[in-house]
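> Requesting a structural model of the entry that follows:
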Amino acid sequence: MFTKDDLYQIEQHGLTIAQVERQMANFCQGFPFLKVVSAASVDDGVVVLTPQQVASAVELYNQKSNEKHIVKFVPASGAATRMFKELFEFVNEGKYTEGIERLLDNIEKFAFWDELSQYIVPDSPEEEIVEAIIKGGLNYGSKPKGLVTFHAYSDGARKAVEEHLVEGAAYARMGDKVRIHFTVSEEHKGGFLDVLSEKLPYYEQRFGVKYEITFSAQKPSTDTIAVNPDNTPFRTEEGKLLFRPAGHGALIENLNDIDADIIFVKNIDNVTTDARRGDTITYKKALAGVLLELQQQSFELLKALKEGSADVVQVARFVEERLFVKLPDGYTTSTLECILNRPIRVCGVVRNQGEPGGGPFWVANVDGTQSLQIAESSQIAPDDMHLMKSATHFNPVDLVCGVRNAEGEKFDLTQFTDPATGFISSKSSGGRELRAQELPGLWNGAMANWNTVLVEVPITTFSPVKVVQDLLRPEHQSNE
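Sure thing, here's the model as predicted:
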């Protein structure tokens, strides 16, 4: 299956042939399904805050934020190949679809139109216009989403990475400092640095802040081999094997290296315009306020348990009603201590309106407890798929994480993962279909043994850009 050149490429990637063979076997065998019990709902696992509770949580966060080391963590290493897949098929195969027609009919509405117009002439053929977007010209087909121009404003267009600077100044500041960490691939880091070196002075002056921007890359040794739909190794046009970052799950090591008290996590493409950002700011702060309250109570109860002064029934009630861990019969104080001594994540979830993405479910654990997890459809057994269809909410990747223990020490986040929850997904490269293998997702198996609290947030906080035509949606058309 592998040539001598392949073996050398594998070795240079920091992988062993045994690891790659295991990955190949996973494509054929798949991963074990989660033991899903039921979908989380408003009556069972999803918290709906009243306006008063939102205001109280925001106030708590505003009061405490200057005392906390806050970091906004943005996974931004993914290439935008899926975003432009339809465009590649048009250029490479002449496949004219409704999506291409919509793109061309509305081409001047895209925020990148001014840049694009520099590479085409009036009445350029349709193929040349599209090719100038994904190749040559803007070359978006080879860039990450963070470097794609998303929104137009009177003072200039903004790339996705810039919108995270704006967001960070609104809810992730500590005094006048805003710390943002981007995970980017080494090949694209220079592009991010170019944009930031040009734009940071403007945003610092505008918002009266000082940005501290850091970067990290997924380790090549965490990459996984890509395969064709028939599970044979996928090869590039040069005949090389294709290794892909193993999804967000590999980022748990990057997240583990962050020195912070509170970490906001949000995808690079989930941003909106200034005019529509109000709910995002409010609910990010509210989620953080909920986290701070739960942390404080968890620490106090854990201390009481260790001192022997706790009301065990009261602690169990807190664990079940506030941390959403259903206890088995015969639980012990040791069980309660173990649960309280975990990282906490408060996850915003939105009402299911048909968008792609994982959903929140109750899952049975080996210790007899049941806890809340974010699960993708690929993790759920066919016999349990009706539970996925019954889900009322889905995961927009809107997390606030508490990563310190009661003594103020950082948790080792790699100790709270479930390595058996990887999954297979369909991707593309250069317009060609492939199958990719992902490690336990950052918000799936990589955080499987965290305490998970789900809070309903408005759909207005969710504005993903999965395909380029999504930029035509109202939430990406600036109204200043």
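> What are the buried residues along the worst-scoring helix or strand of the chain on mean pLDDT?
Least confident helix or strand, the chain: helix 385-389 with a mean of 82, by mean pLDDT, DSSP states H and E. Neighbour counts over helix 385-389 (16 or more other Cβ atoms under 10 Å) mark 387, 388 as buried. Every residue, glycine included, has its C-beta placed from N, CA and C.
> how distant is that helix from the center of its chain?
Taking the mean of its C-alpha atoms, helix 385-389 sits 23 Å from the chain's own mean (Cα atoms, centre = their mean, to the nearest Å).
> Contacts for that helix, please.
36, 38, 39, 359, 361, 375, 377, 380 (Cβ atoms under 8 Å, 6 or more residues apart in numbering).
> now do stretch 466-480
Under the contact criterion Cβ under 8 Å, 6+ apart, stretch 466-480 has outside partners 82-87, 99, 102-103, 106, 109-111, 133, 140, 150-154, 269, 272-276, 356, 460, 463-465.
> give me that answer again for 6 Å
For stretch 466-480, the external contacting residues (Cβ atoms under 6 Å, 6 or more residues apart in numbering) are 83-84, 99, 102, 106, 110, 151-153, 272-273, 275-276, 463.
> cool, stretch 285-299 as well?
54, 57-58, 60-61, 64, 171, 262, 340, 344, 346, 348, 400, 402, 406, 455.
> again, only using 8 Å
By Cβ under 8 Å, 6+ apart, the list of residues contacting stretch 285-299 reads 47, 49, 53-54, 56-62, 64-65, 171, 262, 264, 318, 322-323, 340, 344-348, 398-402, 406, 451, 453, 455, 457.
> go on, stretch 103-110?
With contacts defined as Cβ under 8 Å, 6+ apart, stretch 103-110 is touched by 86-87, 113, 116, 126, 129-130, 149, 468-469, 471-472, 477.
> Output that stretch as CSV - backbone C-alpha positions only.
Taking C-alpha atoms only, stretch 103-110 is exported to CSV below (Å, rounded to 0.1, in the frame of the first residue of the first chain):
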residue,chain,number,x,y,z
LEU,A,103,-22.5,33.9,-6.5
LEU,A,104,-22.1,35.6,-9.9
ASP,A,105,-25.5,37.4,-9.7
ASN,A,106,-24.5,39.0,-6.4
ILE,A,107,-20.7,39.2,-6.9
GLU,A,108,-20.6,43.0,-6.1
LYS,A,109,-22.3,42.3,-2.7
PHE,A,110,-19.4,40.4,-1.4
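> So for that stretch, mean pLDDT?
Average pLDDT, stretch 103-110: 97.
> Same check on stretch 398-411?
Mean per-residue pLDDT for stretch 398-411: 96.
> Numbering from 327 from now on, please.
Yes, from this point I'll number from 327; that puts the last item at stretch 724-737.
> Determine how far that stretch lies from the middle of the whole chain.
Distance, centroid of stretch 724-737 to centroid of chain: 18 Å (Cα atoms, centre = their mean).
> CA atoms of that stretch as CSV?
The C-alpha coordinates for stretch 724-737 follow below in CSV (Å, rounded to 0.1, in the frame of the first residue of the first chain):
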residue,chain,number,x,y,z
ASP,A,724,-19.7,28.9,21.9
LEU,A,725,-17.8,27.9,25.0
VAL,A,726,-16.5,29.5,28.1
CYS,A,727,-14.0,27.3,30.0
GLY,A,728,-12.8,27.3,33.6
VAL,A,729,-9.5,25.4,33.6
ARG,A,730,-8.2,25.9,37.2
ASN,A,731,-8.9,23.8,40.2
ALA,A,732,-9.9,24.9,43.7
GLU,A,733,-6.3,25.6,44.6
GLY,A,734,-5.9,27.9,41.5
GLU,A,735,-3.7,25.4,39.7
LYS,A,736,-4.2,24.6,36.0
PHE,A,737,-5.9,21.3,35.3
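> one step back: in ChimeraX, how would I select the buried members of the contacts of stretch 792-806?
Remark: buried members of the contacts of stretch 792-806, expressed as a ChimeraX selection using 16+ other Cβ under 10 Å:
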select :409,410,425,436,477,478,598,599,602,789
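> All the strands of the stretch 477-626 of the chain, residue numbers only.
Counting by DSSP state E, counting those that start in this stretch, the stretch 477-626 of the chain has strands at residues 484-485, 499-500, 503-509, 536-542, 550-551, 569-570, 588-592.
> what's the closest of those strands to residue 403?
Residue 403 lies closest, by Cβ to Cβ, to one member of those: strand 503-509, at 4.9 Å.
> Okay, now the sheet partners of the closest one, with direction.
Strand 503-509 sits in its sheet next to strand 396-401 (parallel), strand 499-500 (antiparallel), strand 536-542 (parallel), going by DSSP bridges.
> so how far is it off the chain centroid?
The answer for strand 503-509 is 15 Å, by Cα atoms, centre = their mean.
> need the strands paired with strand 503-509 in CSV with mean neighbour count and mean pLDDT, can you?
What follows is those, written out as CSV (neighbours: other Cβ atoms under 10 Å; pLDDT from 0 to 100):
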stretch, mean neighbour count, mean pLDDT
strand 396-401, 25, 96
strand 499-500, 20, 94
strand 536-542, 16, 97
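> So for residue 581, which of the ones you listed sits nearest?
Residue 581 lies closest to strand 396-401 among these, at 6.2 Å (Cβ to Cβ).
> who touches the very next helix or strand once past the closest one?
The element immediately downstream of strand 396-401 (helix or strand, assigned by DSSP states H and E) is helix 411-419. Residues outside helix 411-419 that contact it (Cβ under 8 Å, 6+ apart): 407, 421-423, 425-426, 429, 453, 456-457, 459-461, 467, 754, 756-757, 793-794.
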